[in-house]
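Chemist: My questions are about this predicted structure, shown below with the sequence.
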Amino acid sequence: MIEILRWFLGWSEFKIEGDLNEFLTTYKKNLWLVEKKKNFVLARCMTKDYYSLQKSGRSYGAVLTKIKDHGFLNFLKRYKFRFGLGVGALVFLLAILISNFFVWDIEVVGNALVTDEEIFKICDENGLHFGSNVFSIDEQDIEHKIKEEHPEISWISLNRIAGKYIIEVSESKKKPDIVDWQGPCNVISTYDGEITYVEAYSGTPLVEAGDKVQQGDILVTGVQEKKDFDNVIYTPSDAKILAKVERVNKISLRKNSYVEQKTGLKKIEKRLSLFGLKIPLKVNKKDDKAVKTSDVYKPLEFLGLRFPILMQTSLYDVYEKIKLKDDDIEGMKRYLLEQQKEWELKELMGNKILNRKYEFEEKKDRVILTAYVNVEQRIDSKAPIEVEEDKEEENFLNDDE
């Protein structure tokens, strides 16, 4: 503690020459680390005591010569005329203190299925971005919205260390598409098709690969008969079942119609996201014929350095309005095929497409496209088993016996 106090208040190192004995005896309480040499003595004292000791030493015939000042206050005195340095140091310390209340870095760890950019996008839309005030961030709300947008995330946690957020993610191995029903239930088919894969987690499977089923058929039953006791037990069923399914989509287009058609051109807009503000890198005129298809958020990087700024890149498809005349049958077919592709991207995403078949039908006032798409997809869905309360209670009692 004494050493810390001496360092803060400042101490001086000096040498003493002349008549030493009486001086050292009188002022030994004020000195420390006294070291005798041949013709002089090295010693130390508090800087505030040095000049009084120097003045008193003359009366004893001792001459004090300062070698060097040490300590924090002496350091400040040394730079007392460098006003800019002091202000700069103060501003630096304040900047470090204040920076802890703002977000300067965001890192995502543990993710494989969901990209950093997808998480950055949701965070930015909900107030967590570079430069945002940490007191204005609702961490639980952001966690909920990320999980809602990406069901494959089973667990997520937002952890703040000073001005840095670390978003820890844990993803589930499989994404359940079935209803989370906990009571007695069967697994039924949601489509007509041919079974290709059966994995029953609970219940008794009634089908196997190669079987053909219709919509509503029971695939896995939760009803179990106990032969020895002549009663029935109702249990929850759960399974993953794939089947070859034919999906049919029919769309039509009237002749002489005005349609919005893709030109094949792409439009890109880039913005910097800083303190919640979207700063465009280029001012573009509003284009009603451009439709946004995606947003990508990435930290700004230059020469390997990462800056606390998000770069938002928006991609647009450019459309044009054209009139399809009644004799432009090929143009109408191309438009219908484009609509069919958009339907497949929306409705069949995540399913394996086996083959497609398109049939066109030309009528007096319109052209009709009927698409037959064979896909391999999940067809399992849980359906509750309605059990009479008294009968169910009786079965549970019998089971306990």
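Modeler: Alright, I've got the coordinates. Numbering: from 1, shown residues only.
Chemist: Which neighbours in the sheet does the top strand by length along the chain have, and how are they oriented?
Modeler: Determined from DSSP state E, the single longest strand within the chain is strand 305-324. If you go by DSSP bridges, strand 305-324 pairs up with strand 257-274 (antiparallel), strand 290-302 (antiparallel).
Chemist: Averaged pLDDT, whichever helix or strand comes after the longest one. What do you get?
Modeler: Sequence-wise, the next helix or strand downstream of strand 257-274 (DSSP states H and E) is strand 277-280. Here strand 277-280 scores 73 as its mean pLDDT.
Chemist: Name every strand pairing with strand 277-280 and say which way it goes.
Modeler: Strand 277-280 is paired, per DSSP bridges, with strand 257-274 (antiparallel).
Chemist: who's in contact with the partner strand?
Modeler: Outside strand 257-274, the residues within contact range by Cβ atoms under 8 Å, 6 or more residues apart in numbering are 124, 129-131, 253, 278-282, 284, 287, 289-290, 297, 300, 309-324, 335, 338. C-betas here are computed from N, CA, C, even on glycine.
Chemist: mind checking which helix or strand Ala243 is in?
Modeler: In this assignment (DSSP H and E), Ala243 forms part of strand 238-254.
Chemist: Equivalent analysis for Lys68, please.
Modeler: Here Lys68 is assigned to strand 62-70, by DSSP H and E.
Chemist: Strand partners (parallel or antiparallel) of that strand?
Modeler: Assessed with DSSP bridges, strand 62-70 is paired to strand 11-18 (antiparallel).
Chemist: Would you point out which residue is most central in the chain?
Modeler: Ile119 (3.6 Å; Cα atoms, centre = their mean).
Chemist: before we move on, what SS does that one have?
Modeler: helix (DSSP: H, G, I helix; E, B strand; the rest coil).
Chemist: show me what contacts it?
Modeler: Applying Cβ under 8 Å, 6+ apart, the residues contacting Ile119 are Val108, Asn111, Ile146, Ile167, Val169.
Chemist: ok, those residues vs Lys48, which is closest?
Modeler: Minimum distance to Lys48 across these is 54.1 Å, recorded for Ile167 (Cβ to Cβ).
Chemist: what about the closest one, which helix or strand?
Modeler: Here Ile167 is assigned to strand 164-171, by DSSP H and E.
Chemist: Alpha carbons only: can I get stretch 208-219 in CSV?
Modeler: C-alpha atoms of stretch 208-219 as CSV (Å, rounded to 0.1, in the frame of the first residue of the first chain):
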residue,chain,number,x,y,z
GLU,A,208,-44.0,-50.2,-45.7
ALA,A,209,-42.0,-49.0,-48.7
GLY,A,210,-43.8,-49.9,-52.0
ASP,A,211,-47.4,-49.6,-50.5
LYS,A,212,-49.8,-47.3,-52.2
VAL,A,213,-51.9,-45.1,-49.9
GLN,A,214,-54.7,-42.5,-50.3
GLN,A,215,-55.3,-39.3,-48.5
GLY,A,216,-56.6,-40.0,-45.0
ASP,A,217,-55.3,-43.5,-44.7
ILE,A,218,-53.8,-44.5,-41.3
LEU,A,219,-50.0,-45.0,-41.7
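Chemist: Tell me the first helix or strand C-terminal of the host helix or strand of Lys341.
Modeler: Per DSSP H and E, Lys341 falls inside helix 329-347. Note on helix 329-347: by DSSP H and E, the next helix or strand toward the C-terminus is strand 352-362.
Chemist: quick one: strands adjacent to that following strand?
Modeler: Partners of strand 352-362 in its sheet, by DSSP bridges: strand 366-378 (antiparallel).
Chemist: Now do the buried residues in the strand it pairs with.
Modeler: Residues of strand 366-378 classed as buried: Val367, Leu369, Ala371, Val373, Asn374, Val375, Glu376, Gln377, Arg378 (neighbour count, 16 or more other Cβ atoms under 10 Å).
Chemist: what's downstream of that strand, the next helix or strand?
Modeler: Following strand 366-378 in sequence, per DSSP H and E, is strand 380-384.
Chemist: list the contacts for the closest residue to Ala62 other than its chain neighbours?
Modeler: Leaving out its chain neighbours, the residue that sits closest to Ala62 by Cβ to Cβ, 6 or more residues apart in numbering is Phe23, at 4.1 Å. When contacts are counted by Cβ under 8 Å, 6+ apart, Phe23 touches Ile16, Ser56, Gly57, Tyr60, Gly61, Ala62.
Chemist: Wait, the fourth one touches Asn21, no?
Modeler: No: using Cβ atoms under 8 Å as the test, Tyr60 is too far from Asn21 to be in contact (9.0 Å).
Chemist: higher neighbour count, the two?
Modeler: More crowded of Tyr60 and Asn21, by other Cβ atoms under 10 Å: Tyr60, with 18 against 9.
Chemist: out of everything not next to it in sequence, what's closest to that one?
Modeler: Phe23 is the one closest to Tyr60 (Cβ to Cβ, 6+ apart), at 4.2 Å.
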